[in-house]
Structures are given as C-alpha cells and as structure tokens.
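> Provide a 3D model corresponding to the input given below.
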Amino acid sequence: MRDREGGKRIIKKRDKSGIVLRKRFCRFCADKIKAIDYKDFKRLESFIKERGKIASTRGSGNCAKHQRMLTEAIKKARFISLVPYTRG
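Below you'll find the predicted structure:
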C-alpha cells in the first residue's frame, strides 16, 4: 500500500485488540537516495518537528544509516542558517 504523503509504503497489521499497527519504511531507501544533501532544506524540514527537534527514527521511519546521514545534514544546514534551530 502507498500512503498519500510522500509515497511512503506502509504495511498495516492488527494486534490482538484490533488496533492497527503500521510498519514504516525508509523514504530514502524507497527512493534509492544514496546521499542526503544539506542544501536541500525543503526535504530536511519535513524531518524537523514544530519545536525544532529532529524527528526520531521511530517517528520518521528512516533506517539507521539514513537517520545518521539526515541528522548530520540537518546540523550542517542549521550551522549555515538554511534551517532554523527553533521555530516560533
């Protein structure tokens, strides 16, 4: 199945109580992106929460390799002032 936002693939399963559980996949693996560019701030902003924190692996669905690359790219973009440290 494909989700509406960003083309993420999500597998839906139900647990014993009937609650839908979702298995998220890494967007970067799905799009076959090998390097994350710090200058692509529009892509980076989707992984930054409202208060300015970086979204966790569990929340964003990224694999560990891409989460590390993403964190490094966001920190570089913040240092150069492409992405703000905080919002609001």
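> and Ile80, what does it touch?
By Cβ atoms under 8 Å, 6 or more residues apart in numbering, Ile80 lies in contact with Tyr38. In this view, the C-beta of every residue, glycine as well, is placed from N, C-alpha and C.
> relative to Gly18, how far out is it?
48 Å (Cβ to Cβ, to the nearest Å).
> report the buried residues of the helix ranked longest in the chain.
Using DSSP state H, we find that the single longest helix of the chain is helix 64-79. Using 16 or more other Cβ atoms under 10 Å as the test for burial, helix 64-79 gives 66-67, 69-71, 73-74, 77-78.
> can you pull out the strands in the chain?
Remark: strands assigned in the chain by DSSP state E are 10-14, 20-24.
> and the ones you listed, which one is worst for confidence?
When those are ranked by mean pLDDT, strand 10-14 comes last with a mean of 64.
> for the most centrally placed residue in the chain, which non-adjacent residue is closest in space?
The chain has Ser60 as the residue nearest its centroid, 4.0 Å off, counting by Cα atoms, centre = their mean. Leaving aside its sequence neighbours, Ser60 sits nearest to Phe47 (Cβ to Cβ, 6 or more residues apart in numbering; 5.6 Å).
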